[in-house]
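Engineer: coordinates only, sequence not included:
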């Protein structure tokens, strides 16, 4: 009969158990990281259902390829990368290109530069809704640059696009987000 | 709105963002993992122990089979090998190849044989008993005569004191009389067989070798297990070995163990058994097994207020007595499986033994009763009740089984069967959503009847 020696397993123990395809360790790993990784997939997905699909696919990949983690960098970082890559695959380049060519963001938004930012009242749920509503291409670039901290060159390689495209997508994503934030604020003011 | 400020704000908001994970995601992942298992592998080889056990069983079975076969071979080797047997073997070899040879080739080979026989005669001038009587002339007559003859013969070849001894007995099946030439022809064939069987006999055998009668198999051998079909009906008590594992909650594991105990178990079934000529057996059929388990768990409390009454009837006080209320019932686990067993059978007229190993493929698994959940509440696990994660799987997959069957012959068509066996469950009967893994391994003795048909 197998009982874990301690209630808190280290990542190394977890990885070893998962390499041996031990379902108990896999479940333990899931319980430990699923929430964090769902947070990541939520930002990349269009909606909740997509986010869950991404998380599910990512975990299947993680369990199948966990032996490829060689201990370089944090384990959580590796897991996040798997989730990000799964999300990127889901939203294909074809769709990405289409959105770039069809969306017109020539309109430059003029946003007041007040002392108190317009977005200060937003919480993570509000922000998530706004990010989810971004076109796929914008959302991916925005997430990769702002949250994950990738540089435009890296993003360009990951998405198989030009780095200039990545820059422009980021600018457009920011503008769109800020516009949406302002619109929401106006609605709130009217309501009051 | 400054970009940097905005970016930092967004990043900060998501820094500790950990949404609640819906339960069904793990269920889906577990299902996806199940689906990814290769279909050809019946064993769940995740466990090294199982893999080692399976491999060891296969090796042991193979070794035993090889040992039995070697003993048979050694016995045969020690007996006098007759030319007839050689011919028969070589005939078989030849028939497997579809090469046709012309009559000219036969004649050439017979010529070679003739020369060989002459040489043998020259070298061994003294002839013992019924050995070769060869001259140039009668050898020449042999060849045409040989073609006409239809002879059943039995030729023994031995070497006695350095001489080639060809002992030929024959039975003429057509109207032609037995001639010395035909004897000689057979002797030549014998010489060919003895001296160069690989080169000559396969080709000769197809065309004009004498028809020969097979030596009947001894009755005792014939009546052993070989090449027969049986229907077996059995039933018997089982001893259950429970296996519990819980990777995350040892308290729950303890509670589950404490709340249940094996009451009794049994299995019964019908199966078809085919025993091939070489003793290898194949068994399949339907096996029903049932495990009855006692369940007892706290089901709330009974609160009693006890009034204390004095001798004269006055109530002088009261107190509250709390009694734990237990729920008891019998949990019933039923399984219907299809056994697929390979084995080896040997025996004599009265007693057979069959060693088998294989798998039991579950086709239905039904449960009835209660268990406690992680909070200690009683949950109904009956398969026909509303679904919950504590219910067991409706199909428990593959089990490994090994058995040794003993068969005592009661009459011409019936054997008494006694079969100790062991069944090892490869997968847990609990759903993957809960961390507790529960397995039931079974050991038992089956008693029944085997019908020969």
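Structural biologist: Yep, that arrived. Since this is a predicted model, take the numbers as computed values, not measurements.
Engineer: which strands and helices sit next to the helix or strand encompassing residue A:171?
Structural biologist: Applying DSSP states H and E as the criterion places residue A:171 in helix A:163-191. In terms of contacts (3 or more C-beta pairs under 8 Å, 6 or more residues apart in numbering or on different chains; DSSP states H and E), helix A:163-191 is packed against helix A:124-132, helix A:136-142, helix A:152-159, helix B:3-14. Using the backbone N, CA and C atoms, a C-beta is placed for each residue, glycine as well.
Engineer: which one of those helices lies closest to residue B:393?
Structural biologist: Nearest to residue B:393 among the helices and strands packed on helix A:163-191 is helix A:124-132; the distance by C-beta to C-beta comes to 37.0 Å.
Engineer: hmm, who's touching that closest one?
Structural biologist: A:42-43, A:45-47, A:119, A:139, A:142-143, A:177, A:180-181, A:184, B:10, B:13-14, B:17 (C-beta atoms under 8 Å, 6 or more residues apart in numbering or on different chains).
Engineer: for the helix holding residue A:171, buried residues please.
Structural biologist: A:165-166, A:168-178, A:180-182, A:184 (16 or more other C-beta atoms under 10 Å in any protein chain shown).
Engineer: which ones are touching residue A:80?
Structural biologist: Applying C-beta under 8 Å, 6+ apart, the residues near residue A:80 are A:36-37, A:40, A:148.
Engineer: so it sits in a helix?
Structural biologist: Yes: counting by DSSP: H, G, I helix; E, B strand; the rest coil, residue A:80 is located in a helix.
Engineer: burial count for the residue of chain A found nearest chain B?
Structural biologist: Nearest residue of chain A to chain B: residue A:24, at 3.4 Å (C-beta to the nearest C-beta). Neighbour count of residue A:24, defined by other C-beta atoms under 10 Å in any protein chain shown: 19.
Engineer: figure out the helix or strand that it lives in.
Structural biologist: Using DSSP H and E, residue A:24 maps to helix A:23-44.
Engineer: which strands or helices does that helix pack on?
Structural biologist: helix A:11-19, helix A:48-65, helix A:75-90, helix A:124-132, helix A:136-142, helix B:23-35.
Engineer: flag every residue of chain B that's near chain A.
Structural biologist: B:1-3, B:5-7, B:9-11, B:13-14, B:17-22, B:25-26, B:28-30, B:32-33, B:36, B:46, B:243-248, B:250, B:253, B:432, B:435, B:437 (C-beta under 8 Å from any C-beta of the partner chain).
Engineer: now those residues: which count as buried?
Structural biologist: Neighbour counting with 16+ other C-beta under 10 Å marks B:1, B:6-7, B:9-10, B:13-14, B:17, B:19, B:21, B:25-26, B:28-30, B:33, B:244-248, B:253, B:432, B:435, B:437 as buried within these.
Engineer: before we move on, back to that, ok and the helix holding residue A:171 relative to helix A:152-159, angle-wise?
Structural biologist: 90 degrees (axes from the mean of the first three to the mean of the last three C-alpha atoms, to 10 degrees).
Engineer: what mean pLDDT does helix A:163-191 have?
Structural biologist: The average of the pLDDT scores along helix A:163-191 is 76.
Engineer: so how far is that helix from its chain's centroid?
Structural biologist: 18 Å (C-alpha atoms, centre = their mean, to the nearest Å).
Engineer: circling back to that earlier point, so which of the contacts of residue A:80 is the closest to residue A:78?
Structural biologist: Among the contacts of residue A:80, residue A:37 lies closest to residue A:78 (C-beta to C-beta), at 11.1 Å.
Engineer: pLDDT at that closest one, what is it?
Structural biologist: pLDDT, residue A:37: 91.
Engineer: doesn't residue A:21 lie inside a strand?
Structural biologist: No: under three-state DSSP, residue A:21 falls outside any strand and is assigned coil.
Engineer: give me the neighbour count for it.
Structural biologist: By other C-beta under 10 Å, neighbour count at residue A:21 equals 16.
Engineer: try residue B:292
Structural biologist: 17.
Engineer: contacts only, for residue A:78.
Structural biologist: residue A:69.
Engineer: for residue A:56, see how far away it is.
Structural biologist: Noted for residue A:78: a distance of 18 Å to residue A:56, by C-beta to C-beta, to the nearest Å.
Engineer: again with residue A:47
Structural biologist: Residue A:47 sits 15 Å away from residue A:56, going by C-beta to C-beta.
Engineer: how about residue B:61?
Structural biologist: Counting by C-beta to C-beta - residue B:61 and residue A:56 are separated by 42 Å.
Engineer: repeat that for residue B:266.
Structural biologist: For residue B:266, the distance to residue A:56 equals 42 Å [C-beta to C-beta].
Engineer: in terms of neighbours, single out the busier of these two.
Structural biologist: Set side by side, residue B:266 and residue A:56 show more neighbours around residue A:56, with 21 against 16, by other C-beta under 10 Å.
Engineer: I figured that one hits residue B:30, correct?
Structural biologist: No: using C-beta atoms under 8 Å, residue A:56 is not in contact with residue B:30, being 10.3 Å away.
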